[in-house]
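A.B. asks: Provide a 3D model corresponding to the input given below.
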Amino acid sequence: MRLLADAMSGMGAALLPVAAALLFEELTFGGLVRLLLAPWPLARKHGAPRGGMSPRCGRKEHTHVCGGGK
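C.D. replies: Residues are numbered from 1 along each chain as shown. Below you'll find the model as predicted:
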């Protein structure tokens, strides 16, 4: 029984740094990559409603440009 306890203690001591390194890597690089590669929200004018209809022309904001080019 003592041999089994020593073997499990040795395996735990060997696997703990590996598990901690994998957790650290996943939290830092996985989170950073997910954050950096996430789609950016579309820019909207100040005071415009989020999503939905544009108050000027009644169409979706992100599908066309209201008012034509200048």
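A.B. asks: contacting residues for residue 28?
C.D. replies: The contact partners of residue 28, by Cβ atoms under 8 Å, 6 or more residues apart in numbering, come to none. Placement of C-beta: from N, CA and C, glycine included.
A.B. asks: ok, so what distance separates it from residue 39?
C.D. replies: 21 Å (Cβ to Cβ, to the nearest Å).
A.B. asks: buried ones in the helix of greatest length in the chain, by neighbour count?
C.D. replies: Secondary structure of the chain per DSSP state H: the longest helix is helix 2-25. By neighbour count on 16 or more other Cβ atoms under 10 Å, the buried set for helix 2-25 is empty.
A.B. asks: please renumber so the chain begins at 58
C.D. replies: Sounds good: first residue 58 from here, last item helix 59-82.
A.B. asks: what is that helix packed up against?
C.D. replies: Helices and strands touching helix 59-82, by 3 or more Cβ pairs under 8 Å, 6 or more residues apart in numbering; DSSP states H and E: there are none.
A.B. asks: can you point out the buried residues in the lowest-mean-pLDDT helix or strand in the chain?
C.D. replies: When each helix and strand of the chain is scored by mean pLDDT, DSSP states H and E, helix 88-93 comes last, with a mean of 77. Neighbour counts over helix 88-93 (16+ other Cβ under 10 Å) mark no residue as buried.
A.B. asks: okay, now the unreliable bits of this structure?
C.D. replies: Within the chain, the ranges that satisfy pLDDT under 70 run 101-127.
A.B. asks: how much space between residue 95 and residue 80?
C.D. replies: With distances taken as Cβ to Cβ, residue 95 is found 22 Å from residue 80.
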